[in-house]
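Engineer: 3D, please:
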Amino acid sequence: MDVVEQLGQSDLFAGLGLDSIKLIAQRFEEVACKADTTLFNEGDDGDTFYLIAEGEMSVLKGDGICQRELACIGPGEVFGEMALISNDPRTATLRSLTDTTLLRLRQDDFTILMDQDERFAQRILRLITQRLRKTTDLTSQALLQAHKGLIISLAQLAESRDADTGAHLYRVRDYSTLLSKLLAEDPRFEDEISQGFIDAIYNVSPLHDIGKVAIPDGVLKKNGKLTSDEFDLIKRHTTIGAKSVDTVLEYCDLEMFHMARDIVVAHHERYDGAGYPAGLEGDAIPLAARILTIVDFYDALLSVRVYKAAFSHEKVIEAIREEAGAKFDARIAGIMLDNVDQFYAIHLEYADKDTPTSE
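Structural biologist: Purely as a prediction, here's the structure:
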């Protein structure tokens, strides 16, 4: 069987380019199933991803007399990605209706492709959003779990381009969640922040720099001051990232992805209107983005970057005070500073080893 040809005929891989498909094809292996063979059962460990090359398979839910067919799938269709991404058990049983030939991708190889090829990762996200749009209540929670796992995978793909970020994604996620909870207790914000808001910011805040996948390494990892043209290129990561989320929203109109778009496109706006990409001012900047702006700044100053050492915590606090009302919403900055020991505890929990400090 010509694996390259089979992959090229699948919507998931078509258009990636022959060279990319050839590299991906090396990681697949051919598997044959006789008719009426159960490939795996609902609840089994999810350690493989499949593409159907020939034949048809039935997707089944439940056991015994309660078992029902959710779908019949054939050549070119793929399955198994949800369990791999969310690290959860299989959500359905797969049984061959005819003699079937499959192409199988194992867990380690799937992870490598997700980490190394942003186009493959983005297409997997699109695939899951399409399925979420069509889902029934029986499978929606599993799909949402897969979405959450994929959000982290895509965010890690962007962050892996920058060697000095460490546990940045997880710290920013936890800072954002903590700050949202604190704001919800303040009368000035209590009407804007629900439990759904807090859950959503926890899930999507790691995506804030997803647009960095499109920025050349020579600019992203430059050890020195950026030129004006290079900084203009860096700034594009906000709008590039927003376009990626727009693709998700075409298939899945969930509120958390609207928040994700707000964060991705607006987390470099400034409260005084001097930020980018749109020069938004004050409360015209979405609240989730205003939260991300300050926690991203806090973590960036506390962390090593290719162009600087880490600042002391005292110096970071001073910088936030100076920027309150300019870069940051002064109300949010005040609440964060009133509780800064809680944020520093998160920093210490994820602290990178051997981080030099600049006084």
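Engineer: wait, doesn't residue 239 sit right on residue 265?
Structural biologist: Yes. With the criterion set as C-beta atoms under 8 Å, residue 239 and residue 265 qualify as a contacting pair; they are 6.4 Å apart. For the C-beta atoms, the positions are set from N, CA and C on the backbone; glycine is no exception.
Engineer: out of the two, which sits in the more crowded spot?
Structural biologist: For residue 239 against residue 265, the residue with the higher neighbour count under other C-beta atoms under 10 Å is residue 265, and the figures read 26 against 14.
Engineer: Let me see the contact set for that one.
Structural biologist: With contact set as C-beta atoms under 8 Å, 6 or more residues apart in numbering, residue 265 has these partners: 238-239, 241-242, 277-278, 289.
Engineer: do that again at 10 Å, thanks
Structural biologist: Under the criterion of C-beta atoms under 10 Å, 6 or more residues apart in numbering, the contact list for residue 265 reads 208, 211, 237-243, 245-246, 276-278, 280, 286, 289.
Engineer: from the middle of its chain, how far away would the host helix or strand of it be?
Structural biologist: Secondary-structure assignment from DSSP states H and E places residue 265 in helix 255-266. For helix 255-266, the distance from its own C-alpha centre to the chain's C-alpha centre is 12 Å (C-alpha atoms, centre = their mean, to the nearest Å).
Engineer: One more: stretch 71-83?
Structural biologist: On C-alpha atoms, centre = their mean, the centre of stretch 71-83 falls 22 Å from the chain's centre.
Engineer: Let me see the mean pLDDT of it.
Structural biologist: When pLDDT is averaged along stretch 71-83, the result is 83.
Engineer: what domains does the record give for this protein?
Structural biologist: If you go by automatic domain parsing, the domain ranges for the chain are 3-126, 164-358.
Engineer: hey, least reliable of the ones you listed by pLDDT?
Structural biologist: The minimum mean pLDDT among the domains of the chain belongs to domain 3-126 (a mean of 83).
Engineer: re earlier: helices or strands next to the helix or strand that the helix holding residue 265 is followed by in the packing?
Structural biologist: If you walk from helix 255-266 toward the C-terminus, the next helix or strand you reach (DSSP H and E) is helix 287-302. When contacts are defined as 3 or more C-beta pairs under 10 Å, 6 or more residues apart in numbering; DSSP states H and E, helix 287-302 packs onto helix 168-184, helix 195-204, helix 255-266, strand 310-311, helix 313-323, helix 330-338, helix 340-349.
Engineer: give the contact list for the closest residue to residue 292 other than its chain neighbours.
Structural biologist: On the basis of C-beta to C-beta, 6 or more residues apart in numbering, the spatially nearest residue to residue 292 that is not a chain neighbour turns out to be residue 267, at 4.2 Å. Residue 267 makes contacts with 172, 205, 208-209, 238, 241, 275, 285-286, 288-297, as judged by C-beta under 10 Å, 6+ apart.
Engineer: got a list of what residue 342 touches?
Structural biologist: By C-beta under 10 Å, 6+ apart, the contact set of residue 342 is 174-175, 178-179, 181-182, 336.
Engineer: the helices in the stretch 51-200 of the chain, which residues?
Structural biologist: Taking DSSP state H, counting those that start in this stretch as the test, the helices found in the stretch 51-200 of the chain are 81-86, 107-116, 118-134, 137-159, 168-184, 195-204.
Engineer: Please, a ChimeraX command that selects the buried ones among the contacts of residue 265?
Structural biologist: The ChimeraX selection below is limited to those of the contacts of residue 265 classed as buried (16 or more other C-beta atoms under 10 Å):
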select :208,211,237,238,240,241,242,245,276,280,286,289
